[in-house]
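In: Return a 3D structure for these sequence lines:
(one chain, ligands or ions: 1)
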Amino acid sequence: MTNVALVSGASGFIGPSLCRRLKVAGWHVRAIMRRPMPGPWDASVLVDLGREPVPLKTLADVDCVFHLAGKAHALAQGSGADEEYRLANCQSTLDLLAASRAQGVRGFVYFSSVKAIGKGDGPGSNPGFEPACLSPYGRSKRAAEDAVLASGAVPHPVVLRPSLVYGPNPKGYLELLIRAVRAGWFPPLPDLGNARSMVHRDDLVEAALRCTLDPRARGQTYVVTDGTPYSTRQIYEFILASLGRRVPGWTLPPGLLRVAALGGDALGRMRGRRFVFDSAVLDKLIGSALYDGGQICRELGFAPYRHLGESMAEIVASTRPVV
Ligand SMILES: NC(=O)c1ccc[n+]([C@@H]2O[C@H](COP(=O)([O-])OP(=O)(O)OC[C@H]3O[C@@H](n4cnc5c(N)ncnc54)[C@H](OP(=O)(O)O)[C@@H]3O)[C@@H](O)[C@H]2O)c1
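Out: The predicted structure is shown next:
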């Protein structure tokens with residue numbers, strides 16, 4: 001009998017790859033979205049999750065829910081961010097769980113984030129760490145995770161905590177970096193020894209599939225990375241190589257960037273709105289985000305096969321220049 005998947009967030013960055021992979025594996029794919037859109041799914045249902053109730057028939061005959069819909073990729077966080085994230089990431093999860101329970105759905109794979117652990121610059125890399133202070137995004141993801149695992153709504157709940165996901169048509173951090181390097185705005189920084197965990201979209205999709213099918217994944221929370229930490233300097237050099245450009249023979253002293261970022265902080269305070277470059281942006285750019293993705297490899301035999309360096313040419317080619 002054909003398995004039926006319900007995929008929320010099917011139209012986003014990760015969703016289409018997951019839908020395509022599920023179809024290759026023989027699943028019937030039903031997608032939830034806010035606007036009608038063609039894509040690699042068999043049927044679609046329009047719901048603004050978190051704001052509209054989930055019609056129960058959406059979950060009829062579903063074997064596994066893959067819940068990806070949510071608010072991500074936001075670089076700036078204004079006032080009201082907590083409520084926005086709560087609705088998009090937490091309420092949507094509660095509503096889908098309730099509907100899943102009502103329809104007797106077996107599996108629920110929740111796409112959370114490493115940000116539900118913390119910044120990844122210290123002991124926060126360990127999944128058990130209880131962070132005192134998470135971002136509004138991280139808090140909403142953590143609350144949704146707790147609901148998935150503790151509600152008892154489905155017999156096979158799994159939480160995935162992907163690190164930054166790369167692949168063609170990237171959004172957020174990687175898209176900004178590629179655009180800045182291509183436009184010549186990104187300065188040649190020295191290697192500052194920071195380390196960032198990342199994972200290719202295809203590997204993440206394989207991890208999700210594995211979690212659905214393997215009974216050992218039941219009730220587990222897995223960080224997903226490609227196993228190789230990258231420094232900002234390495235990523236910068238991958239981008240340059242993909243653009244066919246040489247690495248400059250000089251580097252910008254990081255102290256200068258700090259001064260510019262402090263200037264951005266002051267400007268933001270003066271006008272009551274964050275400046276485009278400030279300490280938070282600098283921190284995101286050159287800080288660490290290092291996480292241990294070993295558990296899913298040890299327990300489920302997950303073996304990521306993609307590497308950022310080898311994938312960058314395809315990613316850069318997919319990113320449009322700034323016009
Ligand atoms: N990409 C990463 O690096 C990364 C890393 C860690 C975790 N994650 C998590 O993985 C998931 C998927 O990420 P992504 O990069 O694919 O995100 P994305 O590109 O921003 O896509 C989000 C998807 O969710 C949909 N959506 C948002 N709010 C919705 C709502 N209220 N009702 C119905 N659909 C809604 C969006 O539809 P619209 O087209 O209508 O906006 C879009 O299809 C997210 O939960 C994210 O937090 C991503």
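In: Helices of the stretch 151-300 of the chain, residue ranges please.
Out: With helices called from DSSP state H, counting those that start in this stretch, the stretch 151-300 of the chain shows them at 173-183, 201-213, 232-242, 254-271, 279-286, 294-300.
In: And for the second one, what's in contact with it?
Out: Where contact means Cβ atoms under 8 Å, 6 or more residues apart in numbering, the residues beyond helix 201-213 that reach it are 13-14, 17-18, 21-22, 25, 64, 66, 107, 109, 111, 156, 158, 160, 162, 165-167, 217, 220, 222, 224, 226, 296, 300-302, 304-306. C-beta here means a position set from N, CA and C on the backbone, and glycine is covered the same way.
In: for the fourth one, same thing?
Out: Residues from elsewhere that reach helix 254-271 (Cβ under 8 Å, 6+ apart): 187, 189-190, 192, 274-279, 281-282, 286.
In: From those, pick the one nearest the ligand.
Out: Using Cβ to the nearest ligand atom, residue 281 is the member of the contacts of helix 254-271 that lies nearest the ligand, at 17.0 Å.
In: on that earlier part again, what would the helices of the stretch 151-300 of the chain look like in a markdown table with mean pLDDT and mean neighbour count?
Out: Listed next are those as a markdown table, based on pLDDT from 0 to 100; neighbours: other Cβ atoms under 10 Å:
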| stretch | mean pLDDT | mean neighbour count |
| --- | --- | --- |
| helix 173-183 | 91 | 18 |
| helix 201-213 | 97 | 22 |
| helix 232-242 | 96 | 20 |
| helix 254-271 | 90 | 13 |
| helix 279-286 | 84 | 17 |
| helix 294-300 | 98 | 15 |
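In: out of these, which comes closest to residue 118?
Out: helix 279-286 (13.5 Å; Cβ to Cβ).
In: what about the closest one, near the ligand?
Out: No. Using Cβ under 6 Å from any ligand atom, helix 279-286 stays clear of the ligand, with a minimum separation of 12.6 Å.
In: Off-centre distance for that helix?
Out: Distance of helix 279-286 from the chain centroid (Cα atoms, centre = their mean, to the nearest Å) equals 18 Å.
In: Now do that helix against helix 173-183, angle only.
Out: For helix 279-286 against helix 173-183, the angle by axes from the mean of the first three to the mean of the last three Cα atoms, to 10 degrees is 90 degrees.
In: Helix or strand: which one has residue 110?
Out: strand 107-111 (DSSP states H and E).
In: Tell me which other helices or strands the helix or strand that that strand is followed by touches.
Out: Following strand 107-111 in sequence order, the next helix or strand is helix 136-150 (DSSP H and E). On a contact count with 3 or more Cβ pairs under 8 Å, 6 or more residues apart in numbering; DSSP states H and E, helix 136-150 meets helix 81-85, helix 92-103, strand 107-111, strand 156-162.
In: Give the buried residues for helix 136-150.
Out: For helix 136-150, a neighbour-count test (16 or more other Cβ atoms under 10 Å) marks 136-145, 147-149 as buried.
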